[in-house]
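[1] sequence and predicted model, in that order:
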Amino acid sequence: MAAMNINAEQFKQSVAGDKPLLVDFWAPWCGYCRRIGPAYDQIAGEYSDRLTVAKVNIDEDGQLAKDAGVEVIPTLVLYRDGKVLGSIVAPDSKAAIDRFIRETLEQ
């Protein structure tokens, strides 16, 4: 299962949803974003019962990235109840994303 691409309206609906929301802020021209993409898609499949896993293309929805304080991509931001729980910049592996999710949700 791949992460879903969302726009600003879908983001508003997802961030207010029942499950925490993990968002990958990325861009098609970002080589590192494309490199970590397959690992992020694996996360989407493994966490689908506990998280909504989405991607926001900053070229299409730059205001969302600005509102989230994203300065470097890829940046993953985890939300719960509309609030930012934490973020990680340029994770180097699927294991790093797993660790970020577990540690952040335990707070």
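    Perfect, I can see it now. Numbering: from 1, shown residues only.

[2] next, the contact list for Pro28, please.
    Arg34, Asn57, Asp59 (C-beta atoms under 8 Å, 6 or more residues apart in numbering). All C-beta spots, glycine's among them, are computed from the backbone N, C-alpha and C.

[3] quick check: the last one vs Lys83, distance?
    Noted for Asp59: a distance of 26 Å to Lys83, by C-beta to C-beta, to the nearest Å.

[4] out of these two, which sits in the busier spot?
    Asp59 (12 against 8; other C-beta atoms under 10 Å).

[5] adding secondary structure, pLDDT and distance to Gly17, write the contacts of Pro28 out as TSV.
    As requested, the contacts of Pro28 are arranged in TSV below (DSSP: H, G, I helix; E, B strand; the rest coil; pLDDT from 0 to 100; distance: C-beta to C-beta, whole Å):
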residue	secondary structure	pLDDT	distance to Gly17
Arg34	helix	94	27
Asn57	strand	97	20
Asp59	coil	96	25
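
[6] now, which of the residues you listed sits nearest Ala68?
    Asn57 (13.6 Å; C-beta to C-beta).

[7] helices of this structure, start to end?
    For the chain, the helices defined by DSSP state H cover 8-15, 31-46, 62-67, 94-106.

[8] who's in contact with the third one?
    In other words, helix 62-67. With C-beta under 8 Å, 6+ apart, helix 62-67 has contacts from Ala8, Phe11, Phe25, Val56, Ile58, Ile73, Thr75.
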